[in-house]
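Visitor: Quick one, what's the 3D model for this:
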Amino acid sequence: MRILLVEDDALLGKAVRTGLEQQGHAVDWVRDGVSGENAALDGSYSAVLLDLSLPRLDGMKVLANLRRKGYTQPVLIVTARDQIPERVVGLDAGADDFIIKPFDLQELGARLRAAVRRHTGRPQPRLCHGNVTVDPGARQVYVAGEPISLPAREYALLLHLLQHAGRVQTRHQLEEALYRWGEEIESNAVEVYIHHLRRKLGKDLIRTVHGHGYVIATDTAES
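Guide: Numbering: from 1, shown residues only. Alright, predicted model coming up:
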């Protein structure tokens, strides 16, 4: 998943970005509320992690502005403000979760996955298609019940396609899901990852929709 982190604390921000990237996510990090609001509206993020005590614009105002402008992606508040009234205000303002600092990075990852599942209407944590199963919590892929190992980018690409099964994803959309700002992207990177996944998981799992992109195979997909 591609995550937007809005956090002004340099040490915490670096730790969270590193921890989430180790879990297979692409993380863009901004350090003030105005930049956070603009980035959320301009980018394609699975979820936003939003601090409250931010320079330029308080996180609660960022959240209110995003919801007022029709932003529907999950927003998880991450803050040291631990009073119940603060939580109530944040949740009523449209937050999908309220996480108190300090927190465990594994729990943060689990809360992110849960928020995205709720948003997509998919209650089951595992994603299955044919004989391929992905367990996002364990970051494990199974083919016909047997575990296989995938490099981080191949895993992230497979997960993204499964989360959008039946919907064609352009190369640009896939690149946005795999890379954060400033990372160099080779021109044929997505095609190479698709090739590797087909070789490991079966050539019919991911179909090419010519002139558009790629989609997890369905009965109606163009091949």
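Visitor: which non-adjacent residue is nearest residue 212?
Guide: The spatially closest residue to residue 212, leaving aside those adjacent along the chain, is residue 168, at 5.0 Å (CB to CB, 6 or more residues apart in numbering). Every residue, glycine included, has its C-beta placed from N, CA and C.
Visitor: Where is the longest helix in this structure?
Guide: If each helix of the chain is counted by residues according to DSSP state H, the longest one is helix 105-120.
Visitor: contact partners of it?
Guide: With CB atoms under 8 Å, 6 or more residues apart in numbering as the test, helix 105-120 has contacts from 1, 3, 15-16, 19-20, 23, 25, 46-47, 49, 72-74, 76, 78, 96-97, 99, 123-125, 136-137, 163.
Visitor: Now the buried members of these.
Guide: Neighbour-count burial (16 or more other CB atoms under 10 Å) applied to the contacts of helix 105-120 gives 1, 3, 16, 19-20, 23, 25, 46-47, 49, 73-74, 76, 78, 96-97, 99, 136, 163.
Visitor: was I right about residue 99 contacting residue 81?
Guide: No - with contact defined as CB atoms under 8 Å, residue 99 does not count as touching residue 81 (11.0 Å).
Visitor: what about the strands in this protein?
Guide: Assigned strands in the chain, in chain order: 2-6, 26-30, 47-50, 75-79, 97-100, 127-129, 132-135, 140-143, 146-148, 206-209, 213-216 (criterion: DSSP state E).
Visitor: Next, the angle from the second one to strand 2-6.
Guide: When you say that, I think you mean strand 26-30. Strand 26-30 runs at 20 degrees relative to strand 2-6, counting by axes from the mean of the first three to the mean of the last three CA atoms, to 10 degrees.
Visitor: Strand partners (parallel or antiparallel) of strand 26-30?
Guide: Sheet pairing here is set by DSSP bridges, and for strand 26-30 it gives strand 2-6 (parallel).
Visitor: next one: the fifth one
Guide: Under the criterion DSSP bridges, strand 97-100 sits next to strand 75-79 (parallel) in its sheet.
Visitor: Rounded mean pLDDT for the partner strand, please.
Guide: When the per-residue pLDDT values of strand 75-79 are averaged, the result is 95.
Visitor: now swap in stretch 50-58 and tell me
Guide: Summarised as a single mean, pLDDT over stretch 50-58 is 95.
Visitor: okay, how far is it across that stretch, tip to tip?
Guide: Separation of the first and last residues of stretch 50-58 by CA to CA, to the nearest Å is 10 Å.
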